[in-house]
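S.K.: Output the structure for:
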Amino acid sequence: MPPSLSVFVPAYNAAATLRAVVDRIPDEAWRMIDVVHVIDDGSIDDTAEVAKLLETEFPKVQVHSLHPNQGYGEAVRQGMTRCLASGTDYVACLHADGQYPPEQLCEFVRHMHACGIDVLQGSRHKAGSALAGGMPFYKYVAGKGLTWLENKTFGLRMTDYHSGFLVYSRRALLTVPIDRLSGYFDFDLEFIAWASSKGLVVDELAIPTRYAGEVSHLNPIWYGLRTLGVMGRYVSGHYR
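M.R.: Now for the predicted structure:
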């Protein structure tokens with residue numbers, strides 16, 4: 001049997017972009033998908049209304065609203081938990097702002113299934129086109145520096161730890177204690193830290209870089225400090 005996939009979409013004030021993200025999911029991926037959980041994280045715009053319309057148009061879309069806003073990490077945790085309940089083989093996080101490519105969902109799942117990969121992250125740097133895709137220069141430089149430190153810390157050879165396009169095997173989600181991960185944007189990096197410490201296979205594939213004026217809710221300085229905190233806890237054995 002071909003592998004199955006469930007998708008979750010953490011969405012905060014994404015009324016202007018959410019529909020386009022769901023519309024971009026290709027027919028081939030829909031055939032593989034069991035369910036798409038849209039997690040509306042206490043949005044104060046029309047995200048909930050847009051999501052409800054999508055729910056009526058796409059039989060596999062289910063909408064869940066968190067009130068009040070719980071933060072990125074909690075929205076991801078809710079999405080993972082709901083996807084696991086469907087019994088799926090793989091779980092993908094697809095951001096609602098359109099930065100990441102739903103068109104590559106099938107490619108990611110096939111690669112994971114064929115190579116025994118547990119966590120597969122989309123890399124905006126692997127193809128060397130991040131700046132051409134509109135990545136701000138300061139993010140490019142900061143990302144390069146953090147990635148060098150992260151590779152030294154985790155013993156991996158990644159080019160991008162900070163893309164939010166991630167696909168997980170069922171085994172990874174059952175192995176990593178997701179209830180103990182951060183409620184902030186460093187949730188993804190903590191997952192990788194746990195996965196690495198547990199001997200799970202972590203890898204990456206190239207994705208296009210796309211910056212199109214999306215509103216970021218991430219404080220880069222605070223995020224950078226929290227990233228250093230994850231590395232410090234890894235070295236101290238916290239994730240073992």
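S.K.: My guess is T147 contacts M158. True?
M.R.: Yes: between T147 and M158 there is a contact under Cβ atoms under 8 Å: 6.5 Å. C-beta coordinates here come from the backbone N, C-alpha and C atoms, glycine included.
S.K.: ok, longest helix in the protein?
M.R.: Identified as the longest helix of the chain according to DSSP state H is helix 137-154.
S.K.: which residues are contacting that helix?
M.R.: Helix 137-154 has contacts (Cβ atoms under 8 Å, 6 or more residues apart in numbering) with 125, 130-131, 135, 156-162, 189, 192-193, 196, 202, 220, 224, 227-228, 231, 234-235.
S.K.: how far does the longest strand along the chain sit from the chain's center?
M.R.: As assigned by DSSP state E, the longest strand anywhere in the chain is strand 33-41. Relative to its chain's centre, strand 33-41 lies at 13 Å (Cα atoms, centre = their mean, to the nearest Å).
S.K.: Neighbouring strands - and their directions - for it?
M.R.: strand 5-11 (parallel), strand 61-66 (parallel) (DSSP bridges).
S.K.: R171 is nearest to which of these?
M.R.: Nearest of these to R171, taken as Cβ to Cβ: strand 5-11 at 14.5 Å.
S.K.: in that closest one, what's buried?
M.R.: Burial within strand 5-11, assessed by neighbour count using 16 or more other Cβ atoms under 10 Å, is assigned to 5-11.
S.K.: Off-centre distance for it?
M.R.: Distance, centroid of strand 5-11 to centroid of chain: 9 Å (Cα atoms, centre = their mean).
S.K.: Now stretch 195-210: buried residues?
M.R.: Buried positions in stretch 195-210, judged by neighbour count with 16+ other Cβ under 10 Å: 195-197, 200-209.
S.K.: Can you name the element that comes right after the helix or strand of the chain with the lowest mean pLDDT?
M.R.: Ranking every helix and strand in the chain by mean pLDDT, DSSP states H and E puts helix 137-154 at the bottom, with a mean of 90. Beyond helix 137-154 on the C-terminal side, the first helix or strand identified by DSSP states H and E is strand 166-169.
S.K.: same question for the next helix or strand after that next one, mean pLDDT?
M.R.: The helix or strand immediately downstream of strand 166-169 is helix 170-175, counting by DSSP H and E. Averaged across helix 170-175, the pLDDT comes to 98.
S.K.: swap in stretch 77-89?
M.R.: Stretch 77-89 comes out with an average pLDDT of 97.
S.K.: Kindly report the same for stretch 226-233.
M.R.: On average, stretch 226-233 scores 97.
S.K.: Check the offset of it from the chain's centre.
M.R.: 19 Å.
S.K.: Ok, stretch 161-169 next?
M.R.: 4 Å.
S.K.: Make sure Q62 is actually in contact with V36.
M.R.: Yes: the pair Q62 / V36 is scored as a contact, 7.1 Å apart, by Cβ under 8 Å.
S.K.: Which one of those two is surrounded by more residues?
M.R.: Using other Cβ atoms under 10 Å, the more surrounded residue of Q62 and V36 is V36, with 27 against 17.
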